[in-house]
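Asks: pasting the sequence and the predicted model now:
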Amino acid sequence: MATRDLPIGVRRDEVLWTCKDVAAFLVLSYSHVRNRLIHQPGFPRARRIGGKTQRWLAEEVKEWAGVA
């Protein structure tokens, strides 16, 4: 992926997670993450990478979870 194809504010060395990745990391169901968690105040904001596709920075999710 060329640097110009990355979402604004995302560096080449950063890892982007899907909703399924976030759910697996937090040991929660996909539907819980999708319908509740990502809408909670304080949860890291998603990056839009085209259309409705969104990804979360892995480091931000880890920091939010208190792991990083």
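Replies: All right, it came through fine. Please read these numbers as outputs of a predicted model, since none were measured by experiment.

Asks: list the neighbouring strands of the worst-scoring helix or strand of the chain on mean pLDDT plus their orientation.
Replies: Taking all helices and strands of the chain together, the one with the lowest average confidence (mean pLDDT, DSSP states H and E) is strand 47-50, at a mean of 86. Using DSSP bridges, the neighbouring strands of strand 47-50 in the sheet come out as strand 53-57 (antiparallel).

Asks: give me the contacts around the partner strand.
Replies: Contacts to strand 53-57, defined as C-beta atoms under 8 Å, 6 or more residues apart in numbering, come from residues 7, 10, 14-19, 21-22, 38, 44, 46-49. For every residue, glycine as well, the C-beta is placed using N, CA and C.

Asks: which ones among those residues lie within helices?
Replies: In helices, defined here by DSSP state H, the members of those are 19, 21-22.

Asks: one step back: buried stuff in the least confident helix or strand of the chain?
Replies: Using 16 or more other C-beta atoms under 10 Å as the burial criterion, the residues of strand 47-50 that qualify are 47, 49.

Asks: again with stretch 26-43
Replies: If you call a residue buried by 16+ other C-beta under 10 Å, then stretch 26-43 has these buried ones: 26, 33, 37-38, 43.

Asks: most surrounded residue in the contacts of strand 53-57?
Replies: Neighbour counts for these (other C-beta atoms under 10 Å) peak at residue 22, which has 24 neighbours.
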